[in-house]
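Participant: here are the coordinates; sequence isn't available:
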């Protein structure tokens, strides 16, 4: 049994938010896991915090006065020099993922994206490619799920409003090729994208908030199903943080719905794990 789960479960009671604020955040969770997971497993966990670094880096390059997102793996002091052409040359980039370093070089080159939207799309494509190359099966499965979901929704929106969406697709694979060429209802992707029918039905929902909620619930169920037979492994931790991201998002968008998600997350994990007698849910290991 991984000792990381002792710490995780010991902190579960603090997951349930009070009113409109959280007493436990995804940043807290990452910091807690630093001493509880092996270096290899901790590196896997940090992969899913990289999109927050993307946003911080894009805000620096495009000089947007937005609040720094502390959920990123890198501090403002670490990333800020990268947005300056001269400082970037001498900046310490040893800990930076290779794709992120290459993106910085691109932003300072002649072929730099002309808009934030274009830059974000390029960064997302490189990020997904980075994750697709990971040796962990769950990481690759979740990456495919997220990339396929984003691309299918982009194509559906383009089709509905008769927009040229091809350049907005992220990456270049069998799914994106089908989305560009197929005129069938499901783009001929029934076998390649298992949840395509769910996406088609969700897209038909008129209320945008309800649609977003349904998409997050579907993702919640996906990570549950993919890790159902993983007992006390890093996959359970990775699934947990995905749910934590979702609940954290909804506590800001809809406090009532966010609270329901946190309580569900707490209830599921509390009932789904059995621990030795010397451990308690409230205080962790007994002395």
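Facilitator: Received it, and whenever you're ready, just let me know what you need. Nothing here was measured: the structure is a model prediction, and the numbers come from that model. Numbers count the residues shown, from 1 in each chain.
Participant: please make it C-alpha for all contacts and neighbour counts, starting now.
Facilitator: Noted.
Participant: low-scoring stretches of the stretch 151-287 of the chain, by residue?
Facilitator: 262, 265-287 (pLDDT under 70).
Participant: quick one: the strands in it?
Facilitator: Under the criterion DSSP state E, counting those that start in this stretch, the stretch 151-287 of the chain contains strands at 279-280, 284-285.
Participant: from residue 30, how far out is residue 36?
Facilitator: Separation of residue 36 from residue 30 (Cα to Cα, to the nearest Å) stands at 10 Å.
Participant: how about stretch 34-51: buried residues?
Facilitator: Buried residues in stretch 34-51, counting neighbours by 16 or more other Cα atoms under 10 Å, are found at 34, 36-37, 41-42, 44-45, 47-51.
Participant: which residues in this structure form helices?
Facilitator: 3-10, 26-33, 39-47, 50-61, 76-79, 85-90, 98-107, 116-132, 137-160, 174-181, 196-203, 208-226, 234-253, 255-272 (DSSP state H).
Participant: redo those helices as CSV? Include distance to residue 68.
Facilitator: Below are the helices of the chain laid out as CSV (distance: least, Cα to Cα, whole Å):
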stretch, distance to residue 68
helix 3-10, 26
helix 26-33, 13
helix 39-47, 18
helix 50-61, 6
helix 76-79, 7
helix 85-90, 19
helix 98-107, 18
helix 116-132, 17
helix 137-160, 24
helix 174-181, 33
helix 196-203, 32
helix 208-226, 24
helix 234-253, 16
helix 255-272, 22
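Participant: wait, which of those helices is closest to residue 70?
Facilitator: The minimum distance between residue 70 and the helices of the chain falls on helix 26-33, with 7.1 Å, by Cα to Cα.
Participant: what residues does the closest one touch?
Facilitator: Helix 26-33 is contacted by residues 4, 7, 42, 45-46, 70-71, 241, 244-245, 248 when judged by Cα atoms under 8 Å, 6 or more residues apart in numbering.
Participant: rerun at 6 Å
Facilitator: With Cα atoms under 6 Å, 6 or more residues apart in numbering as the test, helix 26-33 has contacts from residue 71.
Participant: likewise stretch 124-135?
Facilitator: Residues from elsewhere that reach stretch 124-135 (Cα under 6 Å, 6+ apart): 140, 170-171.
Participant: can you check stretch 52-68 too?
Facilitator: Stretch 52-68 has contacts (Cα under 6 Å, 6+ apart) with 72, 83.
Participant: average model confidence for that stretch?
Facilitator: Across stretch 52-68, the average pLDDT comes to 96.
Participant: got the buried residues for that stretch?
Facilitator: 52-61, 68.
Participant: try stretch 217-235
Facilitator: Residues of stretch 217-235 classed as buried: 218-220, 222-224, 226-227, 233-235 (neighbour count, 16+ other Cα under 10 Å).
Participant: cool, and stretch 184-195?
Facilitator: Neighbour-count burial for stretch 184-195 [16+ other Cα under 10 Å]: 186-189, 193, 195.
Participant: between those residues, which is closest to residue 95?
Facilitator: residue 193 (34.2 Å).
Participant: how near is the closest one to residue 146?
Facilitator: 11 Å.
Participant: ok, residue 225 next?
Facilitator: Distance, residue 225 to residue 146, using Cα to Cα: 15 Å.
Participant: what's the answer for residue 26, then?
Facilitator: Per Cα to Cα, residue 26 is found 19 Å from residue 146.
Participant: burial count for the closest residue to residue 190 other than its chain neighbours?
Facilitator: Distances taken as Cα to Cα, 6 or more residues apart in numbering put residue 196 closest to residue 190, at 6.2 Å, once the chain neighbours are dropped. By the criterion of other Cα atoms under 10 Å, residue 196 has 20 neighbours.
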